[in-house]
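Undergrad: only geometry, no sequence info:
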């Protein structure tokens, strides 16, 4: 009895600390795991979308079969999940599937955040709560940085070009031995 009451109070406390944002993150994570398992087993019934990207990669080898990839992007308000890709000649073929569940979760999260932040003009401005403080001052940023510079890597020559083309010949006169 004490354990169940303790567990219930702990869940209520955790929900109070994390809030509904933690619930939405948890729902999104479980949705992603379920979709990955379906994609790995190639058991998905959504309509596939094929994207052809012209790309030139030097020394690239063509892949005959599609290879499994994970990813997500949003286009015109619709969330797409990357399923598989293959490189053939100078074209990258990417197979995507519309992800309605993630879009629903994202929309619910956006509505929740909107209800928290949008207030009518006649509402009185009171003191900031801890939740408003964390939204204003604690942010999460993402930046992409290249690991290798590839074709953009500039090299400086160690030996100057004039040293490579200078002609130096030391003349050695070797006479045959006298008999």
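TA: Looks like it came in fine. All figures in this text were calculated on a predicted structure; none of them were measured in a lab.

Undergrad: can you find the helix or strand of this protein with the lowest average pLDDT?
TA: helix 161-165 (a mean of 56; mean pLDDT, DSSP states H and E).

Undergrad: any stretches of the protein with poor pLDDT?
TA: 116, 118-173, 179 (pLDDT under 70).

Undergrad: tell me the helix or strand right after the longest strand along the chain.
TA: The longest strand of the chain (DSSP state E) is strand 78-88. Once strand 78-88 ends, the next helix or strand along the chain (criterion: DSSP states H and E) is strand 91-98.

Undergrad: given that next one, what are its sheet partners and their directions?
TA: strand 48-54 (antiparallel), strand 78-88 (antiparallel) (DSSP bridges).

Undergrad: pick the most deeply packed of those strands.
TA: Of all these, strand 78-88 has the most neighbours on average by mean count of other CB atoms under 10 Å, namely a mean of 17. Yep, even glycine has a C-beta here, placed from its N, CA and C like the rest.

Undergrad: about what we covered before: for residue 72, find the nearest of the strands paired with strand 91-98.
TA: strand 78-88 (5.6 Å; CB to CB).
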